[in-house]
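S.K.: Prediction below, plus the sequence it came from.
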Amino acid sequence: MTHAAKKKRLRALQSEIDRLRSELNIGARDEVLYCAPLFDDEVIVIADGLGGATTSVVDGNYPIDFITRYEKDFRTEAAALRVADKLIEKQIDPADVLGDFRSHYTA
């Protein structure tokens with residue numbers, strides 16, 4: 001397959017992916033679905049492109065220069081958005097629902 005043919009196939013596949021996401025009402029990979037201030041931090045929900053999403057609490061200048069304080073992956077975008085709403089509306093401690101980001105990674 002030539003380079004031009006591969007690019008043409010890639011465009012066709014991307015169009016099909018975009019159509020399916022639209023039909024399923026899910027966000028594109030790395031699409032920010034939600035962003036709201038929480039005290040000195042921000043609550044961010046980012047789609048995984050397959051129907052799930054990650055809810056994070058970040059400190060700093062998102063998306064340029066920031067530190068992730070808390071983070072949790074959810075199987076559905078709706079679940080991630082519900083948790084983000086709870087964090088903002090009820091101002092609950094993010095550690096209670098998201099866990100400590102550092103606990104996800106070991107040195």
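M.R.: Looks like it arrived, so ask away.
S.K.: Can you show me the CA trace of the helix or strand bottoming out on mean pLDDT in the chain as CSV?
M.R.: Scoring the helices and strands of the chain by mean pLDDT, DSSP states H and E places helix 94-97 at the bottom, with a mean of 89. Taking C-alpha atoms only, helix 94-97 is exported to CSV below (Å, rounded to 0.1, in the frame of the first residue of the first chain):
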residue,chain,number,x,y,z
PRO,A,94,-11.0,14.5,46.8
ALA,A,95,-9.0,11.8,48.6
ASP,A,96,-12.3,10.2,49.7
VAL,A,97,-13.5,9.5,46.2
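S.K.: what packs against it?
M.R.: In terms of contacts (3 or more Cβ pairs under 8 Å, 6 or more residues apart in numbering; DSSP states H and E), helix 94-97 is packed against strand 65-74, helix 77-90. Using the backbone N, CA and C atoms, a C-beta is placed for each residue, glycine as well.
S.K.: Quickly note the distance from the residue nearest the centre of the chain to Arg21.
M.R.: The residue lying closest to the centre of the chain (Cα atoms, centre = their mean) is Ile46, at 1.3 Å. Distance, Ile46 to Arg21, using Cβ to Cβ, to the nearest Å: 15 Å.
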